[in-house]
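*Asks:* Quick check, what structure comes out for this input:
(one chain, ligands or ions: 4)
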Amino acid sequence: MSWMSKRLFAAVAAAVLVSAYGPASASTIVKIRYDLGLNSPPFDTVHIELFDDTPATRDNFLNYVNGGDYNGVVLHRLIPGFVLQSGGFTWNGASLVHIPTDPPVVNEFARSNLRGTVAMAKVGGDPNSATSEFFVNYGDNSANLDNQNGGFTVFARVLGNGMALLDAFSTLPTFTVSGLTDVPLFNGNQFVSMADVSVTQLRIGDTDLSGVIDQADADLLATTLIGGTDEPQFDVDENGTVNQADLDLLNALLLGDIDGDGFVGITDMNVVLTNWNQSVPPGDPLADVSGDGFVGIDDLNAVLGAWNVGSQPPPSAGAAVPEPATIGLLGLGGLTLLRRRHAS
Ligand SMILES: [Ca+2]
Ligand SMILES: [Ca+2]
Ligand SMILES: [Ca+2]
Ligand SMILES: [Ca+2]
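*Replies:* Numbering: from 1, shown residues only. Ligands and ions are numbered 1, 2, ... in the order given. A predicted model of the protein is given here:
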C-alpha cells in the first residue's frame, strides 16, 4: 500500500467512527417542482423544510400536499422584494378559481418572517384564518409581518439555492387576472404553476439537492465548512452540526460508492468481488478505488470503510432490499475469507 493510500484509508477509518452517531430526528421536506414551459432556467425545483414547532400549520399544509391539491396551482401574487404568494388558484381555461379549502388553521406565529422563510397567508383582521395559501418572504419582513394580524405563521424555509429560482420569478411582469392584481406571467400569457408538490426524502450528502451524490456535493460541502449552514443535507453524519467530519464522511462515501447510487453497500462490494484479483488499466475506476491498477484488499477496505454510509435510493418495484444487519455479516465474513486468500 502506498503512502498515499495509507493516508487515504486512515481517513476512511476515522470517518467510520464518526458514522456511529445516531441519526437526528428527520424533518419533513416538501419538494415543489414548477412547470416553466419553454422558459426553463437551469433548474425548476425548490425544496422547503417544514418546522416542527408549528404543528397545526405543518399538518394543515401537508393535508393539501398529500391530497395533491397544490398540483397545478399558480403563483398568483408577486410583489418583488416582499412576497411571492401561491397555494390558492388554478386556471380553468377562462378564469382563476380557488381550490377547495379545509377549515382554517389556528395561528401559530413563532418565527420571524425573514428572507427565505415560508408563511401562511390569511384574511385581514382574522389571525386564525389561514387555509391553503402561503407565501415566500423575499426580504426581511419581520417589522411588518411579525406584528400584523397576530403575526404571520412561518412554517417552513427554502433550502439550498432555491431562492435563486424564486428570485428569478420576481423579475416577471405582473398582470391583473380574474381580479387578482399582481399575477406574474411568462410572455404575458403563461402562468407559473406548481406541477408537483410532494413530500420527499432528502438524501443526506446530496448537498446541492440535485438528486445524485457526486464530487460536486463534496465540493459544495467543502465551501460550506467556511460559509456555514444548518441545512440537513449537509450534516452527513446527522449529529446536528456541519464540520470537517461530515466532509470526511462524504469523501469516504464517494470513495466506496463504486456503482454511484449514493450508498455504500452490498452492490459496491459485489463489484469488487466480481473483479477480485484482476488487473485493470491504470485509472480504470471500476472497482479499483485505490487506483493501483489492481482490484484487491485496499479496494474492499474502501467499501467496508464507508459501509452503510449514504442513503439508499428508493428501491424500484419488485427489487429486493437486503436487511442491513444481514449485509454487515456477509461483508465481514467475506473480508475474513478474502484476507486469508490474499495472504496465502
Ligand atoms: Ca448532488
Ligand atoms: Ca455533522
Ligand atoms: Ca453504491
Ligand atoms: Ca486497487
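
*Asks:* Up against ligand 1, what does the stretch 151-300 of the chain have?
*Replies:* Within reach of ligand 1 by C-beta under 5 Å from the ion, the stretch 151-300 of the chain has these residues: 206, 208, 210, 217. Where you see a C-beta, it was placed from the backbone N, CA and C, and this is true even at glycine.

*Asks:* and the two most separated of these?
*Replies:* The most widely separated members of these, counting by C-beta to C-beta, are Ser210 and Asp217 (7.7 Å).

*Asks:* In terms of neighbours, single out the busier of those two.
*Replies:* Neighbour count, other C-beta atoms under 10 Å: between Ser210 and Asp217, Asp217 has more, with 24 against 15.

*Asks:* For the more buried one, give me phi and psi.
*Replies:* Backbone torsions for Asp217, taken as degrees, to the nearest 10, come to phi -70, psi -40.

*Asks:* quick one: the helices in the stretch 51-200 of the chain?
*Replies:* Per DSSP state H, counting those that start in this stretch, the stretch 51-200 of the chain carries helices over the ranges 55-66, 142-145, 162-169.

*Asks:* Please tabulate these in a markdown table and include mean pLDDT, mean neighbour count and distance to ligand 2 as additional columns.
*Replies:* What follows is these, written out as a markdown table (pLDDT from 0 to 100; neighbours: other C-beta atoms under 10 Å; distance: least, C-beta to the ion, whole Å):
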| stretch | mean pLDDT | mean neighbour count | distance to ligand 2 |
| --- | --- | --- | --- |
| helix 55-66 | 98 | 18 | 25 |
| helix 142-145 | 97 | 16 | 29 |
| helix 162-169 | 93 | 17 | 22 |
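
*Asks:* got these as a markdown table, with distance to Ser112 columns?
*Replies:* Listed next are the helices of the stretch 51-200 of the chain as a markdown table, based on distance: least, C-beta to C-beta, whole Å:
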| stretch | distance to Ser112 |
| --- | --- |
| helix 55-66 | 15 |
| helix 142-145 | 4 |
| helix 162-169 | 16 |
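
*Asks:* Among those, which comes closest to ligand 4?
*Replies:* Ligand 4 sits nearest to helix 162-169 of all the helices of the stretch 51-200 of the chain, at 39.9 Å, using C-beta to the ion.

*Asks:* Who are the packing partners of that closest one?
*Replies:* strand 45-50 (3 or more C-beta pairs under 8 Å, 6 or more residues apart in numbering; DSSP states H and E).

*Asks:* And the strand it packs on, what does it pack against?
*Replies:* Against strand 45-50 (3+ C-beta pairs under 8 Å, 6+ apart) you get strand 28-35, helix 55-66, strand 154-158, helix 162-169.

*Asks:* How about the secondary structure of the closest residue to ligand 1 within the stretch 101-250 of the chain?
*Replies:* Here the residue of the stretch 101-250 of the chain nearest ligand 1 is Ser210; by C-beta to the ion that distance is 3.6 Å. At Ser210 the chain is in coil, as set by DSSP: H, G, I helix; E, B strand; the rest coil.

*Asks:* The closest residue in space to it that isn't next to it in sequence: what secondary structure?
*Replies:* Using C-beta to C-beta, 6 or more residues apart in numbering and skipping the chain neighbours, the partner closest in space to Ser210 is Ala216 (7.2 Å). Following three-state DSSP, we place Ala216 in the helix state.

*Asks:* Near Ala216, how many residues? Count them for me, please.
*Replies:* Neighbour count of Ala216, defined by other C-beta under 10 Å: 13.

*Asks:* next one: Thr223
*Replies:* Count around Thr223 with other C-beta under 10 Å applied: 11.

*Asks:* I'd assumed it was in a helix, is it?
*Replies:* Yes - counting by three-state DSSP, Thr223 is part of a helix.

*Asks:* how close does it get to Thr207?
*Replies:* According to C-beta to C-beta, to the nearest Å, Thr223 stands 9 Å off from Thr207.

*Asks:* I'd say the residue nearest to Ser210 and Asp206 touch.
*Replies:* No - using C-beta atoms under 8 Å, Ala216 makes no contact with Asp206, being 9.6 Å away.

*Asks:* what's the nearest residue to the residue of the stretch 101-250 of the chain found nearest ligand 3 if we skip its chain neighbours?
*Replies:* The minimum distance from the stretch 101-250 of the chain to ligand 3, using C-beta to the ion, falls at Ile213 (9.5 Å). Distances taken as C-beta to C-beta, 6+ apart place Gly262 nearest to Ile213, at 4.0 Å, with adjacent residues excluded.
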